[in-house]
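>>> Give me a model of this one.
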Amino acid sequence: MRPALTPHNPVTEPPIHPADPEQKNRNPVEGVLSVDGSTTLGWKERWQRFPWSLIFLLTLTSLLGLVVLYSAAGSHLTQPDSNNTQYLLRQAGRFALGLVLLFAVAVLGNERIYRRYAYLAYGFSLVLLIAVFLFGSISMGARRWLDIGFMRLQPSELMKVTMVLAVARYYHDRTVVAGFGLRDLAIPLLLIICPVVLILKQPDLGTAMIIATVGMVVIVIAGLSWKMITVSFALLAAALPVAWNAMHDYQRLRVYTLFFPEKDPLGSGYHIIQSKIAVGSGGFLGKGFLNGSQSHLDFLPERHTDFIFSVLAEEWGFVGCVVLLILYLLITARGLLIAATAQHRFGLLTAVGFIALFSFQVIINIGMVIGLLPVVGIPLPLISYGGSSMITLLFSMGLIAHVAIYSKQYRKTIT
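Prediction:
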């Protein structure tokens, strides 16, 4: 008989047992974490527990991104173009702003507040997605942005974060004994499907795929039974023909182009052909900084956003690509380690969800530019030029850092 989900009640549940004396001796940092998640950590303790290694990796990756962006924007060191330099300064400013936000979320925030307002933040993001259809600006045939003066906001980027928070909040409030089934999927699936439908209407197939995939990862980690996982894959396979017919003509063309780009080398296949040429011509060590012919001769489209990995591969070669991939792997591993030491279900699900969001964006973008996946508008984290993606990414990393501050390895609880 399948166990049901029951409301979480910290009053009737047994308290968390105090940490053993040896553990306390190994971690003499003071601070108390109560059963309901309230904290009394001082400022000193929060800074001592801060995951500085994660910040170092994020900063190092972003610095590499700024170097690649300087070249991708078409600027030369001997003849700098002020317009291209502005790309660099804007991206650096966005990273600095995002870093401040990261520290504020991690150090000043409170997990109970994030849980309490998770649904409200989700609803706000949903309203912004609806506002896109009323007031959004159109670029390259898609209506995805809201012009708020100092920047163009992409609400779908914000939805990536708030959707994870909302689904994590739902499962945090329920006790799962040994897996759950179809009845317990209704509300989480609704939280995922609503933004996916709105984003598909923009249209933005790549972001919709990311949100759907990350949402399902959070559901599986929350305790979805293996039977339901199998059924879900079967339903997904059965729905593929329906999804294919629902796609726009240009989206189906992208799938065709993935397998046969040479059939239209000057049309639909142009982007991927030029990208593969750039990646392959880089060789082992690359052509050198600012010496990429594909990018600087304008053969490579969208080289500062979607196809910036191709610029890196052409100028820095196989070695540069491996360095970037190692940085991504280290960030992912650090995030998963933090998730494994989370004190609460909400912390576990949000950390896993945000790391999944980060990793899937890396996989899809790189797979796209090397011809393994269809071309979709997914930025490369910390590398591609863009404000919304940078800010939301660092905000999510701030929540992961917050989980690390109150992780089990520093546990000292009250009864």
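>>> in the protein, which strand has the most residues?
Ranked by number of residues, the top strand in the chain under DSSP state E is strand 142-147.
>>> mind showing which ranges of the stretch 301-415 of the chain have poor pLDDT?
Across the stretch 301-415 of the chain, residues meeting the criterion (pLDDT under 70) sit at 409-415.
>>> ranges for the helices of it?
Using DSSP state H, counting those that start in this stretch, the helices of the stretch 301-415 of the chain run over 308-340, 345-369, 387-405.
>>> Could you export these to CSV, including columns for mean neighbour count?
Where C-beta positions appear, they are placed from N, C-alpha and C, glycine not excepted. CSV is the format used below for these (neighbours: other C-beta atoms under 10 Å):
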stretch, mean neighbour count
helix 308-340, 20
helix 345-369, 23
helix 387-405, 24
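>>> CSV for these, including distance to Gly267?
Formatted as CSV, those follow (distance: least, C-beta to C-beta, whole Å):
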stretch, distance to Gly267
helix 308-340, 19
helix 345-369, 18
helix 387-405, 28
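>>> quick one: which of these is nearest Ile138?
helix 387-405 (16.4 Å; C-beta to C-beta).
>>> Run through the neighbouring helices and strands of that closest one.
Under the contact criterion of 3 or more C-beta pairs under 8 Å, 6 or more residues apart in numbering; DSSP states H and E, helix 387-405 touches helix 43-49, helix 52-72, helix 82-103, helix 111-116, strand 152-153, helix 155-172, helix 308-340, helix 345-369.
>>> Now do that helix: distance to the chain's middle.
Remark: helix 387-405 is offset 9 Å from the chain centroid, using C-alpha atoms, centre = their mean, to the nearest Å.
>>> Also compute the angle for that helix relative to helix 308-340, please.
20 degrees (axes from the mean of the first three to the mean of the last three C-alpha atoms, to 10 degrees).
>>> and the spatially closest residue to Phe318 that is not a sequence neighbour, what pLDDT?
Using C-beta to C-beta, 6 or more residues apart in numbering and skipping the chain neighbours, the partner closest in space to Phe318 is Phe284 (4.9 Å). Per-residue pLDDT puts Phe284 at 93.
>>> Look up how far Cys194 lies from Phe284.
Phe284 is 47 Å from Cys194, where distance means C-beta to C-beta, to the nearest Å.
>>> And Leu235, by the same measure?
Distance, Leu235 to Cys194, using C-beta to C-beta: 19 Å.
>>> Quick check: which ranges of the stretch 1-150 of the chain have low pLDDT?
By pLDDT under 70, the weakly predicted segments of the stretch 1-150 of the chain are 1-40, 74-83, 140-141, 150.
>>> For Arg183, the count of nearby residues, please.
Number of residues near Arg183 (other C-beta atoms under 10 Å) recorded here: 9.
>>> re earlier: packing partners for the longest strand of the chain?
On a contact count with 3+ C-beta pairs under 8 Å, 6+ apart, strand 142-147 meets helix 118-135, strand 137-139, strand 152-153.
>>> What is the last one packed up against?
Judged by 3+ C-beta pairs under 8 Å, 6+ apart, strand 152-153 is in contact with strand 142-147, helix 387-405.
>>> what does the longest one give?
Secondary-structure packing of helix 118-135 (3+ C-beta pairs under 8 Å, 6+ apart): strand 142-147, helix 155-172, helix 186-200.
>>> So for Phe284 and Cys194, which residue has more residues nearby?
Cys194 (15 against 8).
>>> Pretty sure the more buried one sits against Leu126.
Yes - the pair Cys194 / Leu126 is scored as a contact, 6.4 Å apart, by C-beta atoms under 8 Å.
>>> Any chance of the helices and strands packed on helix 387-405 in a markdown table with distance to Val403 as columns?
A markdown table is the format used below for those (distance: least, C-beta to C-beta, whole Å):
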| stretch | distance to Val403 |
| --- | --- |
| helix 43-49 | 11 |
| helix 52-72 | 11 |
| helix 82-103 | 13 |
| helix 111-116 | 8 |
| strand 152-153 | 26 |
| helix 155-172 | 11 |
| helix 308-340 | 6 |
| helix 345-369 | 4 |
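>>> With respect to Ile219, which of those lies nearest?
Taking C-beta to C-beta, helix 155-172 is the member of those nearest to Ile219, at 6.7 Å.
>>> And the closest one, how far out from the chain middle?
Remark: helix 155-172 is offset 11 Å from the chain centroid, using C-alpha atoms, centre = their mean.
>>> and the angle from it to helix 387-405?
Using the same axes, to 10 degrees: helix 155-172 against helix 387-405 is 30 degrees.
>>> Summarise which helices and strands helix 155-172 is packed against.
Where contact means 3+ C-beta pairs under 8 Å, 6+ apart, helix 155-172 is packed against helix 111-116, helix 118-135, helix 186-200, helix 205-223, helix 345-369, helix 387-405.
>>> Residues touching the second one, excluding its own?
When you say that, I think you mean helix 118-135. With contact meaning C-beta atoms under 8 Å, 6 or more residues apart in numbering, helix 118-135 is reached by 143-146, 153, 155-156, 158-159, 162-163, 165-166, 168-169, 191, 194-195, 198-199, 201-202.
>>> how about 6 Å then?
Outside helix 118-135, the residues that touch it by C-beta atoms under 6 Å, 6 or more residues apart in numbering are Arg143, Pro155, Leu158, Met159, Thr162, Leu165, Ala166, Arg169, Leu198.
>>> Using CSV, write out every CA atom in that helix.
Below are the C-alpha coordinates for helix 118-135, written out as CSV (Å, rounded to 0.1, in the frame of the first residue of the first chain):
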residue,chain,number,x,y,z
ALA,A,118,8.5,30.8,-2.3
TYR,A,119,4.9,30.7,-3.6
LEU,A,120,4.7,34.4,-3.7
ALA,A,121,7.9,34.7,-5.7
TYR,A,122,6.6,32.0,-8.0
GLY,A,123,3.3,34.0,-8.5
PHE,A,124,5.3,37.2,-9.2
SER,A,125,7.3,35.4,-11.9
LEU,A,126,4.2,34.0,-13.4
VAL,A,127,2.7,37.6,-13.6
LEU,A,128,5.9,38.8,-15.3
LEU,A,129,5.6,36.0,-17.9
ILE,A,130,2.0,37.1,-18.6
ALA,A,131,3.2,40.7,-18.8
VAL,A,132,5.6,39.7,-21.5
PHE,A,133,2.7,39.1,-23.9
LEU,A,134,1.2,42.6,-23.1
PHE,A,135,4.3,44.8,-22.8
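>>> No further queries at this time; thank you.
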